[in-house]
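**Q** Return a 3D structure for these sequence lines:
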Amino acid sequence: MRILFSAFLFFCSFACTSLLAQTNDSIKTQKLSEVEVSAHIKPSAARSTTPLQVIDNAEMERIGILSVSDAVRRFSGVSIKDYGGIGGMKTVSIRGMGAQHTAVSYDGITMSNVQSGQIDISRFSLDNVSMISLSIGQSDDIFQSARSYASAGVLQITTLQPAFDTKRNTLNTGVKTGSFGLLNPMVYYAHKINEQFSISVNSGWERADGRYKFTYKNAEQTEERKRRNSDVSIWRTELNLYGNLGKGGNLNFKVNYLDSERGLPGSVIFYKDDNDERVWNKDLFAQAYYKNTLSHKLELKAQARFSRTYYKYFALNNNISGSKQEDRITQFEYYASAGILYKPIEDISISLFEDVFQNRLNSNFTDIDSPSRNSSLTALAAQYNNKHITITGSLLATYVKEDAKSGEVPDNKKKITPSISLSYLPFLKTNIRLRASYKKIFRVPTFDDMYYIRMGNINLKPEYATQYNTGLTWVGKISNKVDLISISADGYKNKVDDKIVPFPTMNIFKMRNYGKVDMTGLDINTRLHSELCRKLSIELTGNYSYQKVIDITDQESKNYRDQIPYTPRHYGSGAISLENPWINIAYTLIVSGKRYALDQNILDNEIESYTDHSISLNKSFDINKSRLRVQLNLINLSNKNYQIIKYYPMPGRSFTLSANYRF
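**A** Residues are numbered from 1 along each chain as shown. As a prediction, this is how the structure comes out:
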């Protein structure tokens, strides 16, 4: 590392000297053509009353991020469960609360999985993503659907909108290749129909065999193997229609389709690493979005969504009758949301949203007879905002009605939950903001919790979660050279009651409201940008999380006050990027402390800490009126087969090479 740092300093000095020598006093003038820009406003993390982390497309390109999960891993307070392999499932947990408490929103509409309550973020591609943000607690944006109030935090994925200059068409093609048989071609096309409407189509195919090498150790024995059954084949297609109706508002329509086949790599246990499990997904959703500013005091928003997700699981040698298992599950959701934002005076805003949706699940399980759920969410929120203080408060009313074609039906569920947050700027010149927030939510049991064969329990109550957060933010500059420094630090205290856990009964496990989890932690985020000299800039980012997430269910149990599984006490990431006229360079680092695979914090359950180093190089070339961008990523430079989930080794050293051409 010392050698790398010395070489980096030498390169910076040499680059600055070269650039200064090339400076010419004569300035050429050139008339630029008019350009139409369409982009999403990046929210301010420093002004937010609750923790907010944002990474946009420019930063993702600068540090060479390759996937949505790769971007989320760089947020503080987040745990990613990665089951290894190219096709392994990836879920997000915020501050140890579990993936079911994390909502995933795609262009403003929250996705759902009523079966398990978890969203696999590996289904998304970065090809058309403009921004990813994570808000913990209740967001300051009160002009959003009621469903966004119902989770501990929201991971928001925002896609690109087309931008046109003198041309009416935009074409972007790309291909990515690399280790383990990776091949990922994509194409993006946008067309401006007229002054009101435009369309875009984004499509891509991704395949990989996933046959990466790994080293497996058991006691004194060590074996070199290759990962098996980790292949993927994924088609992604999305069609968008954008409408700017002037005084009639904005109307957007989206259709998204995913068709994938994946091998589940399975756990690696000594003398056995083969796995015959495979999964097919055929997921379709269509959503519409409408927004209209009726006056400077009144705005209207409406959204609708239909989704159909098909899941097929097939396994051989599964120690069951017939030596094979085939599960087929289809979920349907019909969703509608409407709301208004009213500003009676300049500093005060009030919003009211109503969401209604129905979820249905069909399967080939003989013990489950097509359960369905009708839900109503009503959110009333208000915000006061001036130069010194921002106060946001909300009330969420939830009503859930369960139904099934046959058998006993669970009780209906209803509850009102509050949230409040504030940010205070004591002195305008210092730019230090203090913030605090409180939020109460509850999670309705999933269909797996209530109906899963032999384990389900229809008498389950919701899980209740309480969140407290206090913190501070500061944004400023030291000099003209160091033109941006930002720091945020947040301490939190959370608690989950009536946690749904599998509990042993006579001969089987049964889902029960038994668990209690206490969470105490600290999240720190930093950023620094410096113009070293003309055309040469450097940016550093760093995040750190301390998470004490302990089980306080039963004082007599052996795991009382032990860290819950798969939640490290210490976790951090950092990146340093250098932009220059020759080739842009970025180095990223991810560090995770030890974790435990089971409830008891004993040596047999311990998963070792890990460090992941990566380097990204990219260069853009202007060719006539087009641009070619080439990027090389070297991943996991130390070649360690670390484990995020026990017995699921991650790939060692690998590379990806991508090229993108914009016409």
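
**Q** any weak-confidence spans in the stretch 201-350 of the chain?
**A** 218-219, 270-274, 317-322 (pLDDT under 70).

**Q** In it, what residue spans correspond to strands?
**A** 213-218, 221-226, 232-244, 250-263, 278-293, 298-316, 324-345, 348-363 (DSSP state E, counting those that start in this stretch).

**Q** in terms of contact count, name the helices or strands touching the third one.
**A** Packed against strand 232-244 by the contact rule (3 or more Cβ pairs under 8 Å, 6 or more residues apart in numbering; DSSP states H and E) you find strand 197-208, strand 250-263. For every residue, glycine as well, the C-beta is placed using N, CA and C.

**Q** Distance to residue 596 and mean neighbour count added to those, as a markdown table?
**A** Formatted as a markdown table, those follow (distance: least, Cβ to Cβ, whole Å; neighbours: other Cβ atoms under 10 Å):
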| stretch | distance to residue 596 | mean neighbour count |
| --- | --- | --- |
| strand 197-208 | 31 | 18 |
| strand 250-263 | 28 | 18 |
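
**Q** Which one of the ones you listed lies nearest to residue 642?
**A** strand 197-208 (19.8 Å; Cβ to Cβ).

**Q** Tell me the strands beside the closest one, with direction?
**A** Sheet partners assigned to strand 197-208 using DSSP bridges are listed as strand 182-192 (antiparallel), strand 232-244 (antiparallel).

**Q** Let me have the helices and strands packed on strand 232-244 in a markdown table, extended by distance to residue 431.
**A** A markdown table is the format used below for those (distance: least, Cβ to Cβ, whole Å):
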| stretch | distance to residue 431 |
| --- | --- |
| strand 197-208 | 39 |
| strand 250-263 | 34 |
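
**Q** With respect to residue 94, which of those strands lies nearest?
**A** Checking the helices and strands packed on strand 232-244 against residue 94 by Cβ to Cβ gives strand 250-263 as the closest, at 24.5 Å.

**Q** list the helices and strands that closest one packs on?
**A** Using 3+ Cβ pairs under 8 Å, 6+ apart: strand 250-263 touches strand 232-244, strand 278-293.

**Q** could you check the angle strand 278-293 makes with that strand?
**A** Angle, strand 250-263 to strand 278-293, by axes from the mean of the first three to the mean of the last three Cα atoms, to 10 degrees: 170 degrees.

**Q** tell me the angle of strand 250-263 relative to strand 298-316?
**A** Using the same axes, to 10 degrees: strand 250-263 against strand 298-316 is 10 degrees.

**Q** Distance to residue 360 added to the strands paired with strand 197-208, as CSV?
**A** Shown next, in CSV, are the strands paired with strand 197-208 (distance: least, Cβ to Cβ, whole Å):
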stretch, distance to residue 360
strand 182-192, 33
strand 232-244, 24
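
**Q** quick revisit: out of the helices and strands packed on strand 250-263, flag the one nearest residue 183.
**A** strand 232-244 (10.1 Å).

**Q** Same question for the closest one: list its buried residues.
**A** Applying a neighbour-count criterion of 16 or more other Cβ atoms under 10 Å, one finds 232, 234, 236, 238, 240, 242-243 buried in strand 232-244.

**Q** same question, stretch 424-437
**A** Quick answer for stretch 424-437 (16+ other Cβ under 10 Å): 425, 432-433, 435-437.

**Q** now, which of those residues sits nearest residue 277?
**A** residue 437 (42.0 Å).

**Q** mind listing what the closest one touches?
**A** If you count contacts by Cβ atoms under 8 Å, 6 or more residues apart in numbering, residue 437 has them with 49-50, 137-138, 419-422, 467-469.

**Q** Roughly how far does residue 526 sit from residue 540?
**A** 8 Å (Cβ to Cβ, to the nearest Å).

**Q** Tell me where the stretch 51-200 of the chain has strands.
**A** Per DSSP E, counting those that start in this stretch, the stretch 51-200 of the chain carries strands over the ranges 52-56, 78-82, 90-94, 102-106, 109-110, 129-136, 153-159, 169-178, 182-192, 197-208.

**Q** Including distance to residue 254, could those go into TSV?
**A** Conversion of the strands of the stretch 51-200 of the chain to TSV gives the following (distance: least, Cβ to Cβ, whole Å):
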stretch	distance to residue 254
strand 52-56	20
strand 78-82	26
strand 90-94	22
strand 102-106	9
strand 109-110	9
strand 129-136	14
strand 153-159	8
strand 169-178	18
strand 182-192	14
strand 197-208	10
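
**Q** rank these by mean pLDDT and give me the bottom one.
**A** Looking at the strands of the stretch 51-200 of the chain, the lowest mean pLDDT belongs to strand 78-82 (a mean of 82).

**Q** what angle separates that strand from strand 153-159?
**A** 70 degrees.
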